[in-house]
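Trainee: model the structure of this input:
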Amino acid sequence: MLKPLNAYALILALALPCSALAEEKDGTKGDSGDDSTGPDEPAESPEGTKGAKGDKPAPEPEPAPEPEPEPEPIPEPAPAPVAPAVAAPAPGSLAEYWARPDVPKPRVSDFVSTQLTFYIGDDNLLAGNADRSPALGMGNAYPELFFEGLNAQKNVVVSETHAVLYAKMPGFLKFVDTEGAFVAEFELSRDPDDAKLIGRFADDGSWLAATFWFGEKGSSSNLKVTAWPFSANRFRLGYLYDLTWGGDKIWARNRGPVPGMKLHLDLQKFEVFVGAKSLVRLRADNNETENYWGVLGGLGPRIPFGKLARLQYDLNGGYFARGTFEQDPHRSTALRAFGASHRLLFAYNEASLGASPDLSLMKNDLDAEGSWSNRGSLAKIPNYSGSFGFGASAEFSTMWQSLIDADNPSNVVFDDAITAAFNARVRFVKNMRVGLDVVYRDVSFLVLNVPGLVPYVSFANETEQAPQIYGALWWDWFIEKAKLRPGFTIGLMQPAAFSAAPDAQGNRQVQVIREANDYEIMPTGEQPFTILSLKASLRWHLSPIMVIAGQVSFTQDYNNTRVVTDPNSGVGVRELDAKQAQQLGLNLFMQAAF
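Mentor: Just a heads-up that it's a prediction; the model follows:
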């Protein structure tokens, strides 16, 4: 049995380590810093245990608060994909050229130049369908008078559209400009005999060009190269359209487009050009293809008088190898045509005088005002700028073509063709104009593209030819406030005629020739009659694109004939057509041009 003192010491020794562990657990130390307790002081019990005998038990510790839930982390956005490194364009490459900020970008434009015409008319109110004149209707063909459309390729009563894609771009060299246009033409018409709708789609002068400037672009001398990859029909010789030559049909019996190119030097006050066309054709002697060329050239000074007046002289000419003859013994002989045209023009405040839109390039250049306007249509309001304007021009053309000699078929001769014109206009008062057109065209010129009246054959010495001569005096007035434009034209024509060699009785068979392949055989003993035409018109311009127009015309033309059966012989004979000798026409239009 242990002694009391020793037992107490043992209990105290065992309690000390527990007290130290409790202090360590609570994070505190004893008050005195002494690790032992006195013999009269009981040892402190650890927190959460009962105290010494006779003491109150220690309170239960409060439960620790539950931790608040942590917010869900916001997902970080996915990193943006890193673009792969692009290598810098090689110096001098096309990519490096386009990347430069000082390089202009191409100017590309497109437009659709459209003309739509609604027409109601009757070519002759004095005759019926039995006399070759249908009644008033919407499907009739417009009867164009001889003085209409002198400076245009087509009749003004037409429904067509031009789709043009045009681009212009400065060249790599600072003195170069490049441009080009795809020109597609779509025309709709109605056959007046059976009302069938006729559609025609063709190229109308698609072109590309490069201009080399000798100074400041747009206002200095330059050299321009123009090429027509499909049809160069707009590149012609002569000036007024009805007097021009050298188009696609200069090649005998050609109905297809002919490509061409032109080199034009513009020295501001003087210009010169040279060009060429080429067509592949079958030779008549061996039925093999061969290229036949045409060469065109011209020059002329430009003399300005102040800002409004100008005087200019133009000379152009050409030579064409047109194929070969189709008759023996000349199947290996080349058909040739050549000639020259002259024009003298003076204008004061009349910029458009003598310029046919059908001889110019179609473009939509934003720097060239009015470059794609519908010039020549009924809806187009003429330029009446300024209170006074005057202009006059005179032109003369002489051509020669090789034909078989009618008097000696073993020989080839050169037949000459002549055409000339004078036109003048004056504008005065307020938007009032008066004009005069005089035209001369001989038979050889009218049949130049056939070629010859009898194909490939010249005129015999015993035959006679009379030229076509006509004059037209016209007046119109644009009443600006009412947007009305009344007009009046009077014209006289002596038609072209061919008189065959006299027969045994001394009579000659006479043909009146209005155009190539448009002949009228006169009764025996009859001579051609002078034609008189009058036309009064009134146009009401509803907007810059639309017009309503009415026309009344009267034509006296005794050169119309018909074939009747002779009751005595039963043979058909030709006589004058009295019903068609006098024609009273009525025409109503509604036209939009945009």
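Trainee: count the residues that sit near residue 217.
Mentor: Using other C-beta atoms under 10 Å, residue 217 has 14 neighbouring residues. Backbone N, C-alpha and C define where each C-beta goes, glycine included.
Trainee: stretch 517-524: end-to-end distance?
Mentor: 21 Å (C-alpha to C-alpha, to the nearest Å).
Trainee: average pLDDT for it?
Mentor: Across stretch 517-524, the average pLDDT comes to 89.
Trainee: which residues touch that stretch?
Mentor: 450, 507, 509-514, 528, 559-561, 573-576 (C-beta atoms under 8 Å, 6 or more residues apart in numbering).
Trainee: same thing but 6 Å
Mentor: Applying C-beta atoms under 6 Å, 6 or more residues apart in numbering, the external contacts of stretch 517-524 come out as 507, 510-513, 559, 561, 574-575.
Trainee: ditto for stretch 555-570
Mentor: 512, 520, 528-529, 531-533, 572-577, 580-583.
Trainee: now, the residues you listed that are in strands?
Mentor: 512, 520, 531-533, 572-576, 582-583 (DSSP state E).
Trainee: sort out which residues of stretch 188-199 are buried, please.
Mentor: 189-190 (16 or more other C-beta atoms under 10 Å).
Trainee: how far away from the center of its chain is that stretch?
Mentor: Mean C-alpha position of stretch 188-199 versus that of the full chain (C-alpha atoms, centre = their mean, to the nearest Å) differs by 25 Å.
Trainee: what does stretch 301-318 give?
Mentor: On C-alpha atoms, centre = their mean, the centre of stretch 301-318 falls 27 Å from the chain's centre.
Trainee: list the buried residues in that stretch.
Mentor: Here stretch 301-318 shows 310, 312, 314, 316-318 as buried, counting by 16+ other C-beta under 10 Å.
Trainee: low-confidence ranges in this protein?
Mentor: Low-confidence segments of the chain (pLDDT under 70): 1-87, 92-94, 96-98, 100, 102-110, 112, 365-376, 385.
Trainee: hmm, residue 583 is touching residue 125, no?
Mentor: No. Look at residue 583 against residue 125 with C-beta atoms under 6 Å: they stay out of range, at 8.5 Å.
Trainee: just give the number of residues close to residue 99.
Mentor: For residue 99, using other C-beta under 10 Å, the count is 11.
Trainee: please name the nearest non-neighbouring residue to it.
Mentor: If the residues on either side of it in the chain are set aside, residue 99 comes closest to residue 89, at 5.9 Å by C-beta to C-beta, 6 or more residues apart in numbering.
Trainee: how about that neighbour, secondary structure?
Mentor: Under DSSP: H, G, I helix; E, B strand; the rest coil, residue 89 falls in the coil class.
Trainee: what does it show for phi and psi?
Mentor: Per-residue torsions, residue 89: phi -60, psi 150 (degrees, to the nearest 10).
Trainee: any idea how far it lies from residue 160?
Mentor: From residue 89 across to residue 160, the span is 46 Å (C-beta to C-beta, to the nearest Å).
Trainee: more neighbours: these two, which one.
Mentor: Per other C-beta under 10 Å, whichever of residue 89 and residue 160 has more neighbours is residue 160, with 17 against 14.
Trainee: looking at this, that one is in a strand?
Mentor: Yes. Counting by three-state DSSP, residue 160 is part of a strand.
Trainee: could you pull out the helices for this protein?
Mentor: 4-26, 94-99, 443-446, 578-581 (DSSP state H).
Trainee: how about the nearest residue to residue 163, chain neighbours excluded?
Mentor: residue 184 is the one closest to residue 163 (C-beta to C-beta, 6+ apart), at 4.6 Å.
Trainee: picking up where we left off before, can I have the buried ones of the contacts of stretch 517-524 as a ChimeraX selection?
Mentor: This is the ChimeraX syntax for the buried subset of the contacts of stretch 517-524, where burial follows 16+ other C-beta under 10 Å:
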select :510,511,512,513,559,561,574
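Trainee: the closest residue to residue 168 other than its chain neighbours bridge partners, please.
Mentor: Leaving aside its sequence neighbours, residue 168 sits nearest to residue 179 (C-beta to C-beta, 6+ apart; 4.2 Å). Counting by DSSP bridges, residue 179 forms beta bridges with residue 168, residue 209.
Trainee: quick one: residue 179 and residue 235, what's the gap?
Mentor: 16 Å.
Trainee: what's the answer for residue 551, then?
Mentor: 34 Å.
Trainee: who has more neighbours, these two?
Mentor: residue 235 (25 against 20).
Trainee: hmm, that one is touching residue 261, no?
Mentor: No. Using C-beta under 6 Å, residue 235 makes no contact with residue 261, being 8.6 Å away.
Trainee: dump the residue contacts of residue 436.
Mentor: 424, 473.
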